[in-house]
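Colleague: Turn this into a structure:
(chains A, B, C and D)
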There are 2 protein chains.
Amino acid sequence: MTATDWLPEAVRANAIDRKLRAGQALFHAGDSTVGLFEVLEGKVRLVRVDRSGREAVLQAASAGDTLAEASLFSSTYHCEAVATTRAEVRLYPKAALLAEFARDPELVRSFAAMLAQQVMALRTRLERYNIHSARDRVQHFLTVNMRTDRRTVTLPGTLKDLAADLGLTHEALYRTLARMTADGEIKRSGNIIRLTRSTYD
Amino acid sequence: MTATDWLPEAVRANAIDRKLRAGQALFHAGDSTVGLFEVLEGKVRLVRVDRSGREAVLQAASAGDTLAEASLFSSTYHCEAVATTRAEVRLYPKAALLAEFARDPELVRSFAAMLAQQVMALRTRLERYNIHSARDRVQHFLTVNMRTDRRTVTLPGTLKDLAADLGLTHEALYRTLARMTADGEIKRSGNIIRLTRSTYD
DNA sequence: CGAGTGATTGACTTAGATCAATGACCGTGG
DNA sequence: CCACGGTCATTGATCTAAGTCAATCACTCG
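Modeller: Model prediction:
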């Protein structure tokens, strides 16, 4: 379920790791594309800069995220990539990847499947962000991430991470969870949240 | 640049159009997947329902949007699709699509390229949503959607649509634009916004 | 043991949501 | 041809939920 699971050995073997210091650029707009990046450690940002020097973040990638998938189908980059912390990235060179794509059509399908999955996940997060109330946003998250028992959700990381993921401050999340617990809507034990059967049904 | 541009004639020829009344379901969780949907008119929602009947919207698709790309690689649906208005959808049957995929590897690449593009666009919108200030959010939108002259942005639809896209109420957007205009940051003429050179640089 | 981080709660402020009203515009049907 | 219903654009007033600042406690790690 990691974003690079679909990559075959042939491509992995050609990967190149690279360390970056904070502030160092990975590529610039206009550079020729070199391949697919995976962030191993630290944080890397894709940024577009307008003529007055204002920056707009296109993506903030952390460990485990992939970068610049679309660049595989384009000859130059259209944004900057900069490490915002000391970071380590892995490059899967474009040539090796495209060669594998040509040799193995099934691989392209896996790639497409992974991308389709991502599109869905991103759209879902986007919908969540359209909900303005913190409580409803948490509800949305819980409903979507319910385990198959349809009762519990296991939180992946820290609550702070979750807060960032939900687009809330961590304080707002703590308070919201506290209120939901007080109202008997959920029960928490460690990093597991149990949905209490709603009263109206 | 439409989401279905990559579809070849062979697949288009097999498309099936279908009209839905408001509230009508397109498919249910557990149903076998039938193909890729394109919304021609109206609105269709992908929804996940939890055991207490609470709904979480996974995607709200309007005219021009595509639906359930990931279902091409899965045998059953994992959510409900319901028209929220009278709507018309076009179905590209799975069999025809997969057959074309098998016949023409280049097509899968086009599909992947389109998805990669979408992933990037969605990630960018997500980053925008992480910005809490309405003004900075508008700035982000403008910087990202600047035309090649790097000075002007042409608004696609109505301001209300844009507001929804930005995750703001239309009132908030009007006010923000008014303030930015008053501050000389932008100039508006019709649906074109011109970025005034920032003062600090 | 002290530094660093996560979890939590309190107090205060504010930006944006909400409710409301108005004018412009546009198509349409009588 | 014009009145009318609908939607967009815009602005005002008000309210509240979430952001911000701040403090505390628990825990881990070297």
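Colleague: The most centrally placed residue in chain A and DNA strand D, how far apart?
Modeller: The residue lying closest to the centre of chain A (C-alpha atoms, centre = their mean) is A:D65, at 5.5 Å. Distance, A:D65 to DNA strand D, using C-beta to the nearest atom of the strand, to the nearest Å: 23 Å. C-beta coordinates here come from the backbone N, C-alpha and C atoms, glycine included.
Colleague: ok, now A:F111?
Modeller: Taken as C-beta to the nearest atom of the strand, the span from A:F111 to DNA strand D is 35 Å.
Colleague: Residue numbers of chain A in contact with DNA strand D?
Modeller: A:H132, A:S133, A:A134, A:R135, A:G167, A:L168, A:T169, A:E171, A:A172, A:T176 (C-beta under 7 Å from any atom of the strand).
Colleague: and the helix ranked longest in chain A, does that touch DNA strand C?
Modeller: Counting by DSSP state H, the longest helix found in chain A is helix A:105-129. No: using C-beta under 7 Å from any atom of the strand, helix A:105-129 stays clear of DNA strand C, coming no nearer than 10.6 Å.
Colleague: for that helix, packing partners?
Modeller: helix A:94-103, helix A:134-145, strand B:55-61, helix B:105-129 (3 or more C-beta pairs under 8 Å, 6 or more residues apart in numbering or on different chains; DSSP states H and E).
Colleague: Need these in TSV (columns: mean pLDDT).
Modeller: Formatted as TSV, these follow (pLDDT from 0 to 100):
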stretch	mean pLDDT
helix A:94-103	93
helix A:134-145	93
strand B:55-61	92
helix B:105-129	94
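Colleague: want to throw these into TSV with mean neighbour count?
Modeller: Shown next, in TSV, are these (neighbours: other C-beta atoms under 10 Å in any protein chain shown):
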stretch	mean neighbour count
helix A:94-103	16
helix A:134-145	20
strand B:55-61	21
helix B:105-129	20
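Colleague: got the ones you listed as a markdown table, with distance to A:S32 columns?
Modeller: Listed next are those as a markdown table, based on distance: least, C-beta to C-beta, whole Å:
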| stretch | distance to A:S32 |
| --- | --- |
| helix A:94-103 | 9 |
| helix A:134-145 | 39 |
| strand B:55-61 | 35 |
| helix B:105-129 | 17 |
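Colleague: between those, which one is nearest to B:A70?
Modeller: Between B:A70 and the helices and strands packed on helix A:105-129, the tightest spacing by C-beta to C-beta is seen for helix B:105-129, at 9.6 Å.
Colleague: wait, does the helix or strand containing A:M180 contact DNA strand C?
Modeller: Applying DSSP states H and E as the criterion places A:M180 in helix A:170-182. Yes: contact of helix A:170-182 with DNA strand C (C-beta under 7 Å from any atom of the strand) involves A:H170, A:E171, A:Y174, A:R175, A:L177, A:A178.
Colleague: List of residues touching that helix?
Modeller: A:134-135, A:138, A:159-160, A:162-164, A:166, A:168, A:186-188, A:193 (C-beta atoms under 8 Å, 6 or more residues apart in numbering or on different chains).
Colleague: And these, which is closest to chain B?
Modeller: Distance to chain B across the contacts of helix A:170-182 (C-beta to the nearest C-beta) is lowest for A:A164, with 8.1 Å.
Colleague: Identify the residues contacting that closest one.
Modeller: So A:A164 contacts A:H170 (C-beta under 8 Å, 6+ apart).
Colleague: Flag every buried residue along the helix or strand containing it.
Modeller: Following DSSP H and E, one finds A:A164 within helix A:159-166. Counting neighbours by 16 or more other C-beta atoms under 10 Å in any protein chain shown, one finds that the buried residues in helix A:159-166 are A:L162, A:A163, A:A164, A:L166.
Colleague: For DNA strand C, see how far away A:V138 is.
Modeller: 13 Å.
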